[in-house]
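sharing a model that was predicted from the sequence below.
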Amino acid sequence: MQNILKKHITSLIIFLVFSITLQAQTYKIVGTGQTISYDTAGAISMPTSGQTFYGQNSNHPGNIRSYTNNANGTVTDNVTGLMWQQSPDKNSDGIINRSDQMSYPEALAGAATCNTGGYNDWRLPTIKELYSLIIFSGLDPSSYTGTSTTGLTPFIDTTYFKFGYGDLAAGERIIDGNFVSSTLSVSKTCGLQVDAVFGVNFADGRIKGYPITFPGTGDTAYIYSRYVRGNTAYGTNQFVNNGNGTISDNATGLMWMQNDNAQAIYWKNALSYAENFTYAGYSDWRLPDTKELQSIVDYSRSPAATSSAAINTTYFNCSSITNEASVTDYPCYWSNTTHAAYGGSGGNAAYICFGRAMGYMVPFGGWSDVHGAGAQRSDPKIGSASSYPQGHGPQGDAIRILNYVRLVRTTGPASINENLNPLMFDIYPNPASDICTISFNNSYSEIKIELYNSLGGKIKEFELGKTKSFQIDLSDLPKGLYMVKISGESLTSTKKIIKE
């Protein structure tokens, strides 16, 4: 009886710690949804630790997205705690097109009169709230030459959210699926001519600063909008300097390198750099996915406004560079997320501009900041920037190909012993339906594998000898979140696994 009671108390303690950890993370980042693996051209089989291209987004899925359709025109994000308008159809005619778009002032003011779902506390989302909805199972249709959107894949979950591409009948492009945030750029864009507001383009998968009025004309720019409510702490970091060259963010449960790698490198090399990096007693550093990387952007800063990178300079250090206009600037940083294109090409990877988002536009004098510090764009994974002397695309986006690296590791939830010198292992596939494989970076004399449910209750245990991999059968378990705890040679580590 005492043993049973002891087990129940232990499970309760684990559950309470797990719950407290989740509550403390007011800024939980939703995974990108990218499950396909890529090399520098297209899809490949998921790499394992030690293989080329290991460490990309498919290897590190993050928090799996979870939504609830409330059947009243709203959708709740169960990861972030935010509630969203399901549709940007502002005139309720059942069609999402140019007539539903608003100017920035109109979108900002419209939240006050919105009563979707019977709520009256709607707001225009910040850029960090809005970016929480993006998923990178989307395919960029920039190269698409058709006029029908049938068969295109946007960067938002259309199972739950209504979405509209650009309105061709109104003279827009298919890729004009831009949604406005409440976050203004602290620097003027387009050759320092116009004020801009940040938005997310769910058609082509990017963050850009959009002009509030069109340069040189004064005409008002129009854009889609989607209101949000709840979790007003979302997007607010809680940084702690650990005094060892690392910075923890208690809001997201992530630990960051205080310094970058001080060198621009190819995407493939960025993955390898992270895979082989040990620092401050940790060897599980990785390249962040694009949503994790965007979480540390400080949109109140920019090179032009604060003479700094768009990052909290109290905690982080950024290398300086000389940009295409021969001006002192700050780097773009690689994410581990591939920015896939219509047709399946995986030749580009997503990155975040912590300095100016440069573009070459003749009307604005050539090179200038066209999209604002904090923009998310994509670069080719290989090649030479010299092949793009005037950038690429309608705004002449600067193509660098060689970008910088800032590493991250996950510190929470820490409900089941995560210590300073963890045993390194990987789980694939993750999410898994039946069989998952656990692979170890080193051989250990004795290994114990324990599987816990989300309440901290142990449901499986395996004692192994020296091994490099092991398979667990999940077919008898219901769908949901589980924790895999590995112990060996006084080392312990824990990772999440999703049973589909």
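The structure has been received and is ready for your questions.

show me the shaky parts of the stretch 151-300 of the chain.
192, 216-218 (pLDDT under 70).

now the strands for it?
For the stretch 151-300 of the chain, the strands defined by DSSP state E, counting those that start in this stretch cover 178-184, 196-201, 206-211, 228-229, 239-241, 246-249, 254-257.

to I486, which of those lies closest?
Proximity to I486 (CB to CB) singles out strand 254-257 among these, at 19.7 Å. C-betas here are computed from N, CA, C, even on glycine.

re the thing from before, could you dump the strands of the stretch 151-300 of the chain to TSV with distance to M361 and mean neighbour count?
Below are those laid out as TSV (distance: least, CB to CB, whole Å; neighbours: other CB atoms under 10 Å):
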stretch	distance to M361	mean neighbour count
strand 178-184	18	23
strand 196-201	14	26
strand 206-211	12	26
strand 228-229	33	24
strand 239-241	36	14
strand 246-249	36	22
strand 254-257	34	23
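
my guess is I472 contacts D434, does it?
No - with contact defined as CB atoms under 8 Å, I472 does not count as touching D434 (9.8 Å).

so these two - more neighbours on which side?
I472 (19 against 14; other CB atoms under 10 Å).

that one bridge partners, please.
C436 (DSSP bridges).

and the gap between it and N348?
Per CB to CB, to the nearest Å, I472 is found 35 Å from N348.

domains of this protein?
25-412, 417-500 (automatic domain parsing).

just say which of these is most tucked in.
domain 25-412 (a mean of 20; mean count of other CB atoms under 10 Å).

give the contact list for the residue nearest to the spatial centre of the chain.
For the chain, K291 is the residue whose C-alpha lies nearest the centre (CA atoms, centre = their mean; 1.5 Å). Contacts for K291 were tallied using CB atoms under 8 Å, 6 or more residues apart in numbering; they are I29, V30, G31, T32, G62, Y131, S132, I134, T337.

so the second one makes contact with S132?
To tie it back to what came earlier, the one meant is V30. Yes - using CB under 8 Å, V30 is in contact with S132, at 5.4 Å.

what's the overlap in contacts for the two?
D77, T80, K291.

identify, from these, the entry nearest to D140.
Among the shared contacts of V30 and S132, and counting by CB to CB, the member closest to D140 is K291, at 16.6 Å.

give the next helix or strand downstream of the lowest-mean-pLDDT helix or strand in the chain.
Among the helices and strands of the chain, helix 2-24 carries the lowest confidence by mean pLDDT, DSSP states H and E, at a mean of 44. Next helix or strand after helix 2-24 toward the C-terminus (DSSP states H and E): strand 37-38.

quick check, distance from that following strand to the centre of its chain.
Relative to the chain's own centre, strand 37-38 is displaced by 16 Å; criterion: CA atoms, centre = their mean, to the nearest Å.

what does that strand rub up against?
Residues contacting strand 37-38 (CB under 8 Å, 6+ apart): A43, I44, S45, M46, P47, F53, Q56, S58, N59, T338, A340, G346.

show me what contacts S45?
Counted by CB under 8 Å, 6+ apart, S45 has contacts S37.

which stretches of the stretch 301-450 of the chain aren't confidently modelled?
412-424, 441-445.

can you show me the strands along it?
Going by DSSP E, counting those that start in this stretch, the stretch 301-450 of the chain shows strands at 321-322, 328-329, 332-338, 348-353, 358-361, 366-369, 376-380, 408-410, 425-428, 435-444, 447-453.
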